[in-house]
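Trainee: missing the sequence, but the structure's below:
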């Protein structure tokens, strides 16, 4: 689900927590050794038309892999906030640019059991070397050359795709409390993850159907 204009106060708080965590994570990235690795795989891509703009819809498979020597606890529930970064490939002849989009998938009406004596079913426990997968769909505008490229669109050509994905949307204080409470069952991961950069070929759109 892409950005929506109707956002509740609780959702705004979650977005703020996510964006703050993104900033902090990148600020200390050089000082910390990653324990959880995120990779993305494009499993389907298609074009559709949204008003007067063509949109490229990407279906992605995300894989979270525990690269540490201890068990890691990871949130896998329905609330997901992520940034989509697409930039031109370094060797591309086109003028370099980068597109950055904030996306979300959330359900305010359905409560999740987060604060409990032990991790609920919205968490997964990953043993060293273990992984789990989830899928998401994201979209990006495509300018075919007949119109100027907007700041939220790309042109046909070779690009690099990277995602910054949330693993926690509640307060840092609660994360630390549960991390201490659950330490016998594993380490609760709460920092956003940056995926390994992925090559993306955006082809020139042909006749497309309206977006659903």
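Mentor: Great, that's in hand. Since we're looking at a predicted model, the values are computed, not measured.
Trainee: quick one: contacts of stretch 203-212?
Mentor: Contact with stretch 203-212 is made by 47, 48, 49, 50, 54, 55, 56, 57, 139, 142, 144, 156, as judged by C-beta atoms under 8 Å, 6 or more residues apart in numbering. Where you see a C-beta, it was placed from the backbone N, CA and C, and this is true even at glycine.
Trainee: ok, now stretch 155-164?
Mentor: 22, 38, 40, 42, 58, 60, 62, 82-89, 91-92, 94, 142-145, 149, 192-205.
Trainee: Ranking helices and strands of this structure by mean pLDDT, which lands last?
Mentor: helix 9-27 (a mean of 48; mean pLDDT, DSSP states H and E).
Trainee: among the contacts of stretch 155-164, which are in strands?
Mentor: Within the contacts of stretch 155-164, residues falling in strands by DSSP state E are 38, 40, 42, 58, 60, 62, 82-88, 142, 193-194, 198-202.
Trainee: Look at residue 179 and give its secondary structure.
Mentor: helix (DSSP: H, G, I helix; E, B strand; the rest coil).
Trainee: count of neighbours near it?
Mentor: A count of nearby residues for residue 179, using other C-beta atoms under 10 Å, gives 15.
Trainee: and it, how far is that from residue 40?
Mentor: 26 Å (C-beta to C-beta, to the nearest Å).
Trainee: Quickly list what residue 158 is bridged to.
Mentor: residue 201 (DSSP bridges).
Trainee: Relative to residue 86, how far out is residue 63?
Mentor: In terms of C-beta to C-beta, residue 63 sits 20 Å off from residue 86.
Trainee: Which one of these two is surrounded by more residues?
Mentor: More crowded of residue 63 and residue 86, by other C-beta under 10 Å: residue 86, with 23 against 15.
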